[in-house]
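# need coordinates for the following:
(4 chains)
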Protein chains: 2
Amino acid sequence: MTEQEQNQLNQYLFGLAKKENYKKGTIIIKEGEVSSKFYYLEKGILRGWTNNDGKEITFQFLFEEQLFCATESFFYNTPCSYSIETIEDSVLLYIDKEEMNLLQNDKSFEKLFNKYLISRLALYQNLLIARIQDKPEVRYRKLFQEKPEILLRIPQHYVASYLGITPVSLSRIRNRQ
Amino acid sequence: MTEQEQNQLNQYLFGLAKKENYKKGTIIIKEGEVSSKFYYLEKGILRGWTNNDGKEITFQFLFEEQLFCATESFFYNTPCSYSIETIEDSVLLYIDKEEMNLLQNDKSFEKLFNKYLISRLALYQNLLIARIQDKPEVRYRKLFQEKPEILLRIPQHYVASYLGITPVSLSRIRNRQ
DNA sequence: CTTGAACGATAACAATTGTTAAGAAAAAGA
DNA sequence: TCTTTTTCTTAACAATTGTTATCGTTCAAG
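This next block holds a predicted model:
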């Protein structure tokens, strides 16, 4: 998906969108509830996490200019299996599902959205492969190379959880470098 | 995506498809090459794997009645970053990308394919979350509960690789139960 | 049927990570 | 500013996994 196509899609989706400010620590999408909004993160950082026997597991970070929704919940109207919250003060744009349904009559939108889905699918496949392939220490090094901003803007215990290790272990790995 | 929608999509895609038999151990999609076919696995089992410093990492198994393609390679015409091979004698249906492009003019197909992409996206998100959430031993137990046929039909060292551990460690885990 | 390769179990030791706890530093709130 | 909370580091020990090697067993090709 080219940058131009991305901009066109954003224009379709968020040309008439509402804008809202959220303080750090606000839950945008809540585990167990149905989420029927499609979002664009204009400013800030978000974190996706699930509850695992009382322990929070962080599985995703979202940065500026990122489109997102709770895919399964949004498209199938099912309770969401995870939460998404702000870890900085953030600005979000959003549209409701009904507004999105209206867009689906537009063939040009449909084609763009198709491309968006394909790019997301490819991304998640690559994320999954990378996670199977690499051990925690390698995952840390790659993350540090590819997205150093994650390590600068996000508390380390969230990063540790995202890497699938404990904060103690991450601290040790960092110290080894 | 309902079963009916799935059948409709399969009919669109593979109504006029070629059918081919492959012996066990045949490479269907080869790492480094561009794959421009969309497949349906009628019979057999496939395995997706990548080369990681000389070590094979298995990241996916495909079973009967499964649609698949090398997403990134197929849609973006890039060299594929992994291989897919048969681990049993298998029967595949396939169409070329040009045939698929013709289908894209059909609005009904487009809608179905959209739903397919959404279902795949949701699946991969869940796979990724599960992998971040669970430790190797838990992953094994869940796999055993959800897909015991994997453990019966697939050599254990492939399963171990898929779980992100060594065959030795998998053998130990199995012995602990 | 025979032979070599592939597969799985086990053992011993190394390396890594988890757990718990304590303390220092930084950030947030009053 | 002062206090409280959060975050990060470090240490000691436990648990898990990795590595290497050996040994039957099974599978497959000839």
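
# only C-alpha atoms from now on, for both contacts and neighbour counts.
Will do.

# what's the following helix or strand after the helix of greatest length in chain A?
Of all the segments of type helix in chain A, defined by DSSP state H, the longest one is helix A:107-133. With elements assigned by DSSP states H and E, the helix or strand that comes after helix A:107-133 is helix A:136-146.

# what residues does that following helix touch?
With contact meaning C-alpha atoms under 8 Å, 6 or more residues apart in numbering or on different chains, helix A:136-146 is reached by A:131, A:150-151, A:163-165, A:173.

# helices of chain A, start to end?
A:3-14, A:71-76, A:97-103, A:107-133, A:136-146, A:148-153, A:156-163, A:167-176.

# dump the ones you listed to a markdown table, plus distance to residue B:34, mean neighbour count and mean pLDDT.
Shown next, in a markdown table, are the helices of chain A (distance: least, C-alpha to C-alpha, whole Å; neighbours: other C-alpha atoms under 10 Å in any protein chain shown; pLDDT from 0 to 100):
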| stretch | distance to residue B:34 | mean neighbour count | mean pLDDT |
| --- | --- | --- | --- |
| helix A:3-14 | 23 | 15 | 95 |
| helix A:71-76 | 29 | 19 | 97 |
| helix A:97-103 | 34 | 13 | 94 |
| helix A:107-133 | 15 | 18 | 94 |
| helix A:136-146 | 25 | 15 | 92 |
| helix A:148-153 | 31 | 13 | 88 |
| helix A:156-163 | 31 | 20 | 96 |
| helix A:167-176 | 37 | 13 | 94 |
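
# related to what we said a few turns ago, filter the contacts of helix A:136-146 down to the ones close to chain B.
Applying C-alpha under 8 Å from any C-alpha of the partner chain, the subset of these adjacent to chain B comprises A:131, A:163-164.

# closest to residue B:119 among those?
Nearest to residue B:119 among these, counting by C-alpha to C-alpha, is residue A:131 at 21.1 Å.

# check the gap between that closest one and DNA strand C for me.
Residue A:131 sits 13 Å away from DNA strand C, going by C-alpha to the nearest atom of the strand, to the nearest Å.

# tell me what the most centrally placed residue in chain A is bridged to.
In chain A, the C-alpha nearest the mean C-alpha coordinate belongs to residue A:62, at 4.0 Å (C-alpha atoms, centre = their mean). Residues in a beta bridge with residue A:62, per DSSP bridges, are residue A:46.

# near chain B, which residues of chain A are found?
So chain A meets chain B at A:52, A:57, A:59, A:71-72, A:75, A:114, A:117-122, A:124-125, A:127-129, A:131-133, A:162-164 (C-alpha under 8 Å from any C-alpha).

# who touches the residue of chain A found nearest DNA strand C in this structure?
Relative to DNA strand C, the nearest point of chain A is residue A:165 (3.5 Å; C-alpha to the nearest atom of the strand). Neighbouring residues of residue A:165 by C-alpha under 8 Å, 6+ apart: residue A:136.

# is it true that residue A:70 touches residue A:80?
Yes - with contact defined as C-alpha atoms under 8 Å, residue A:70 counts as touching residue A:80 (6.9 Å).

# joint contacts of these two?
Here residue A:70 and residue A:80 share the contacting residues A:29, A:35, scored by C-alpha under 8 Å, 6+ apart.

# neighbour count for those two, which is higher?
Taking residue A:70 and residue A:80 together and counting by other C-alpha atoms under 10 Å in any protein chain shown, residue A:70 has the greater number of neighbours (27 against 19).

# per-residue pLDDT, that one?
For residue A:70, the model assigns a pLDDT of 97.

# contacts only, for it.
Counting by C-alpha under 8 Å, 6+ apart, residue A:70 touches A:29, A:35, A:80.

# so which of these is the closest to residue A:104?
residue A:35 (18.9 Å).

# my guess is that closest one meets residue A:73, correct?
Yes - with contact defined as C-alpha under 8 Å, residue A:35 reaches residue A:73; the gap is 5.7 Å.

# okay, and the common contacts of these two?
Both residue A:35 and residue A:73 are in contact with A:79-80, where contact means C-alpha under 8 Å, 6+ apart.

# re the thing from before, how far off centre is the longest helix of chain A?
The chain centre lies 13 Å from the centre of helix A:107-133; the measure is C-alpha atoms, centre = their mean, to the nearest Å.

# just the angle between that helix and helix B:156-163, please?
120 degrees (axes from the mean of the first three to the mean of the last three C-alpha atoms, to 10 degrees).

# report the angle between helix A:107-133 and helix A:3-14.
Using the same axes, to 10 degrees, one finds that helix A:107-133 and helix A:3-14 are set 110 degrees apart in direction.

# what's helix A:107-133 packed up against?
Contact partners of helix A:107-133 among helices and strands, from 3 or more C-alpha pairs under 8 Å, 6 or more residues apart in numbering or on different chains; DSSP states H and E: helix A:3-14, strand B:55-62, helix B:71-76, helix B:107-133.

# now render these as CSV, adding distance to residue B:7.
Below are the helices and strands packed on helix A:107-133 laid out as CSV (distance: least, C-alpha to C-alpha, whole Å):
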stretch, distance to residue B:7
helix A:3-14, 30
strand B:55-62, 18
helix B:71-76, 21
helix B:107-133, 10
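
# gap between residue A:176 and residue A:4?
As judged by C-alpha to C-alpha, to the nearest Å, residue A:176 and residue A:4 stand 42 Å apart.

# quick revisit: and the contacts of helix A:136-146, which is closest to chain B?
residue A:164 (5.6 Å; C-alpha to the nearest C-alpha).

# do I have it right that that closest one meets residue B:130?
No - between residue A:164 and residue B:130 there is no contact under C-alpha under 8 Å: 10.9 Å.
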